[in-house]
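> only geometry, no sequence info:
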């Protein structure tokens, strides 16, 4: 922000005078330089003290020398008053040097600050644009709280005054931005806020650029004050992207019209949801499509500056498309464009493409498109030289993973782990463990994966991971024998990692009897194998193995003497470690005096573990670092969507609530109190995919509450993410206003579901008596309760400013239903009672389970459901572009299986599934016939229950 000098005003003369000082003779020592500097300081000091009649030029020359000496690293303790005196000069060069000296050397506590402020006020009032510019630059460069107190009310007036010149408006906008960043509480919001928005229409693009930077920062804290900027920003952006490079010659950079302004406008639009006005929304969509189209055009220049400017606008446009997450066509196009960059020769472009695609993978509309690039991403993981690009490739594989590709992605991550950089190995281990658990349809595969993980990177496998293996093995009878056999074989390797010994000791101690019938794994062989590792392990692992030995005494009486000899040895009974000594003494005594029945009771098999507090997902979040995303979009950087529209793991924290452990999803059971963990030194168990945690989620961006009207919001406000948007997806932002943001993540299986509701306080003031309650819709009291059972957990009644709290809702579908429940939220904000009601997106299709069928079976069942009351048909006009891939994704997201090559007409879409309720199961067949010429659809549903057919037809018709 330093003011530039005007040409031809004493500049050459000043340079000549400074030349001897600025260009010391080569080869001089540091001592000689200090001697020269001290001599010059003494000369300047004598001039200031001895000659009271120094003219302005001499003052400027000596002040300039002092400034240069200071920049060389020497302390300056005089000359400040002379610099202040230069501010009253009418010569530009003298005033410029005075302001420059003050900006660099004068601190906010100086006694001269009042004189400086008076001089600045005089220049601001002079209406001389050159002097006003210098004064504004000085305010911004100093940027202290004292400056903000003195001029925060004056600068906005200059900015919006009708007679202010363009160059001064630019300086005023940037000066106000600096003051707002350093002291936001001192910049008053007033009438000028509505007027500054209209600077986006200014004819001078420099003013528009500066104003956009200011409005973007202000809008992040005061969105309501500046919401009118959306339409103006879209209008200005439209004019820029549709203009030729010759139309904006002064602001065209290597054939790209106003790239910096375009980027700033796109960032401003990311402060708001998609425009509600159809005209504005349509114009914005055209702008984004134009930017994507231009990216496909051949470059107009081979210079790197051209491609950098062009790509800067493109990536910011893609960021806006991702932020809005509402235009399937744009999301898919953005994904395809990023896919082209994955193999670009420029490393930075590959990095940015991988980073952006990680976020795209979290959208229901573009997840399938992202998955098409899996081979390219895997190749990048293997061949990239830059470790940061490889790390982004790992992130993208994690984000695009779902049930269809989980085994392939986990295998590639394990393969890469063997040669991965040490700095990212722990993060990869955590991600492999999370993916293996989430998509472990075959538990044998899960056990193999984790044991392989320990083998490859045992030093980076945290205790939380091997705890989880043990928990799943104990809770799953069908995998216990396989696990015992697998760990026994793994322990036979000459060198085993200590974590593998821990897993092997625990599992063989519990289930070694399942493989004891094989002579190759007899009880004595198992004991000798484990004991051969004993002396190589740390104290905690030895303690665990001693517990395994006493378990063997109960399981295998034939090895009791051998184990007693080990426990009786001096190395155990007289061990220097108290823990080991105590265990050896107690276990030896127990095996000696206890009867067989008592021993069996004390050492009985561990009961199934309930889920316990998660730490592995929180550990991954901590490893990734705090997110800079300011709303629920930040959780999308760590989750993706599976083929049925379910969310991926979200970062959890140590405050998570237990969930049932009957299976990996365990959606229906109630939590139980945790029991004792496997012997270890600490750590919690990995919670299921949906950990009841909010603290690990990134904080919401602070909202502005200072100017909110103190009133209650209407009982039924408009839901920002309309109900129909959640029919084919299970996560997103459900509601948002100035105070509160509500986000959802949910998972459904058969007739059970679990919904995680995140309540974000966008203000800096506490919410008191915060009470969210799902209630029946008006007039449906008993009826809704009959159809749906909802169990909720209370939340903390106090929500701190900028914080999030989470509520878990367990859902049971008793019978088919039409109306969804309402979430009623009551709280006190700033002494005023607030009541917000939103409809929970719990629709009948959430309990849809896909069913694969052959063509013959489909049409046979189709003919069986031929009664008029079993069929519902709807012919309707397409509301969205008729894209085949998007249609497939929506049908899958709806919950139905998409049956390929079943319908004789390949353009038609056929699906099948079963609606699960507690009282019944209703089979459903659907057929969607698109007519591209007429832009129409015909949707036909057949089920054995008329009400189910009607409701599913209504819900699915809304999606196209």
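Yep, that arrived. Quick caveat, the model's predicted, so the values are computed rather than measured.
> From here on, just use CA atoms for contacts and neighbour counts.
Will do.
> low pLDDT regions in the chain?
For the chain, the stretches flagged by pLDDT under 70 are 1-28, 51-52, 108-110, 245-247, 611-723, 776-785, 831.
> Provide the contact partners of stretch 837-848 at residue level.
715-717, 719, 723, 726-727, 735, 748-753, 813, 816-825, 894-896, 913-917, 951-952 (CA atoms under 8 Å, 6 or more residues apart in numbering).
> Out of those residues, which sit inside strands?
Within the contacts of stretch 837-848, residues falling in strands by DSSP state E are 735, 748-749, 752-753, 813, 822-825, 913-916.
> Just the buried subset of the contacts of stretch 837-848, written out for PyMOL, thanks.
In PyMOL, this line selects whichever of those come out buried by 16 or more other CA atoms under 10 Å:
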select buried, resi 723+726+727+735+748+749+750+751+752+753+813+816+817+819+820+821+822+823+824+825+894+895+896+913+914+915+916+917+951+952
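> can you give me the strands for the stretch 801-950 of the chain?
Taking DSSP state E, counting those that start in this stretch to define them, one finds strands in the stretch 801-950 of the chain at 804-813, 822-829, 832-839, 848-850, 871-877, 897-899, 909-916, 921-931, 936-943.
> Take those strands and write them to a markdown table, including distance to residue 282.
Listed next are the strands of the stretch 801-950 of the chain as a markdown table, based on distance: least, CA to CA, whole Å:
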| stretch | distance to residue 282 |
| --- | --- |
| strand 804-813 | 34 |
| strand 822-829 | 32 |
| strand 832-839 | 27 |
| strand 848-850 | 34 |
| strand 871-877 | 19 |
| strand 897-899 | 32 |
| strand 909-916 | 29 |
| strand 921-931 | 24 |
| strand 936-943 | 21 |
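> and of those, who's closest to residue 152?
Distance to residue 152, taken as CA to CA, is lowest for strand 822-829 among the strands of the stretch 801-950 of the chain, at 28.8 Å.
> by contact count, what packs against the closest one?
strand 767-775, strand 832-839 (3 or more CA pairs under 8 Å, 6 or more residues apart in numbering; DSSP states H and E).
> Show me the one of those strands that comes nearest residue 806.
Across the helices and strands packed on strand 822-829, residue 806 has its closest neighbour in strand 767-775 (10.4 Å, CA to CA).
> Show me what the closest one is in contact with.
With CA under 8 Å, 6+ apart as the criterion, strand 767-775 contacts 761, 790, 794-801, 821-829.
> Put the buried members of those into a ChimeraX selection.
Remark: buried members of those, expressed as a ChimeraX selection using 16+ other CA under 10 Å:
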select :761,790,799,800,801,821,822,823,824,825,826,827,828,829
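> returning to that earlier point: closest one to residue 492 among the strands of the stretch 801-950 of the chain?
strand 848-850 (43.3 Å).
> who's in contact with residue 808?
Taking CA under 8 Å, 6+ apart, we find residue 808 in contact with 692, 754, 755, 756, 757, 792, 793.
> I'd assumed residue 810 was in contact with the second one.
In this case it means residue 754. Yes: with contacts counted by CA atoms under 8 Å, residue 754 reaches residue 810, the gap being 4.6 Å.
> can you confirm residue 339 is in a strand?
No: according to DSSP: H, G, I helix; E, B strand; the rest coil, residue 339 belongs to no strand; its state is helix.
> Am I right that residue 40 is in a helix?
Yes: Residue 40: assigned to a helix according to three-state DSSP.
> what are the ranges of the helices in the stretch 51-200 of the chain?
With DSSP state H, counting those that start in this stretch as the criterion, the stretch 51-200 of the chain has helices at 56-71, 80-86, 92-105, 113-125, 129-142, 145-151, 154-160, 166-182, 192-197.
> Between those, which one is closest to residue 420.
helix 166-182 (41.0 Å).
> Give me the packing partners of the closest one, helices and strands only.
In terms of contacts (3+ CA pairs under 8 Å, 6+ apart), helix 166-182 is packed against helix 129-142, helix 145-151, helix 154-160, helix 205-221.
> So which residues make contact with it?
Against helix 166-182 from outside (CA under 8 Å, 6+ apart): 129, 132-133, 136-137, 139-140, 143-145, 147-148, 152, 155-156, 158-160, 186-187, 204, 206-207, 210-211, 213-214, 217.
> Could you tell me the angle between that helix and helix 205-221?
Helix 166-182 runs at 20 degrees relative to helix 205-221, counting by axes from the mean of the first three to the mean of the last three CA atoms, to 10 degrees.
> quick one: buried residues of helix 166-182?
Quick answer for helix 166-182 (16+ other CA under 10 Å): 166, 168-180.
> Could you check how far it is from the centre of its chain?
32 Å (CA atoms, centre = their mean, to the nearest Å).
> for stretch 478-495, same thing?
The chain centre lies 38 Å from the centre of stretch 478-495; the measure is CA atoms, centre = their mean.
> So what touches stretch 509-528?
For stretch 509-528, contacts defined as CA under 8 Å, 6+ apart pick out 480-481, 484-485, 488, 508, 547-549, 551-552, 555-556, 559, 605-606.
> Any of those buried? List them.
For the contacts of stretch 509-528, a burial check counting by 16+ other CA under 10 Å picks out 480-481, 484-485, 488, 508, 547-549, 551-552, 555-556, 559.
> Among these, which are located in strands?
Among the buried ones among the contacts of stretch 509-528, no member lies in strands (by DSSP E).
> with those in mind, which one is nearest to residue 937?
residue 480 (51.4 Å).
> which residue packs closest to that closest one, ignoring adjacent ones?
Among residues not flanking residue 480 along the chain, residue 473 sits closest, at 5.5 Å (CA to CA, 6 or more residues apart in numbering).
> number of nearby residues for that neighbour?
Residue 473 has 24 neighbours, counted by other CA atoms under 10 Å.
> Same question for the one 10 residues further on.
For residue 483, the tally of surrounding residues (other CA under 10 Å) stands at 29.
> From residue 550, how far out is the nearest residue to it once chain neighbours are set aside?
Of all residues beyond its chain neighbours, the one nearest residue 483 is residue 447 (6.6 Å), with distances taken as CA to CA, 6+ apart. Shown here: residue 447 relative to residue 550, a distance of 25 Å by CA to CA, to the nearest Å.
> does residue 441 count as helix, strand or coil?
Under three-state DSSP, residue 441 falls in the coil class.
> Next, the contact list for it, please.
For residue 441, the contact set (CA under 8 Å, 6+ apart) is empty.
> could you check the distance from it over to residue 286?
44 Å.
> Over to residue 915?
Note on residue 915: its distance to residue 286, by CA to CA, is 40 Å.
> Torsion angles phi and psi at the residue nearest to residue 766 when sequence neighbours are not counted?
Spatial nearest neighbour of residue 766, chain neighbours left out: residue 800 (4.5 Å); criterion: CA to CA, 6+ apart. Dihedral angles phi and psi of residue 800 (degrees, to the nearest 10) take the values phi -70, psi 160.
> Let me know how buried residue 190 is, in neighbour terms.
Counted with other CA under 10 Å, the neighbours of residue 190 add up to 12.
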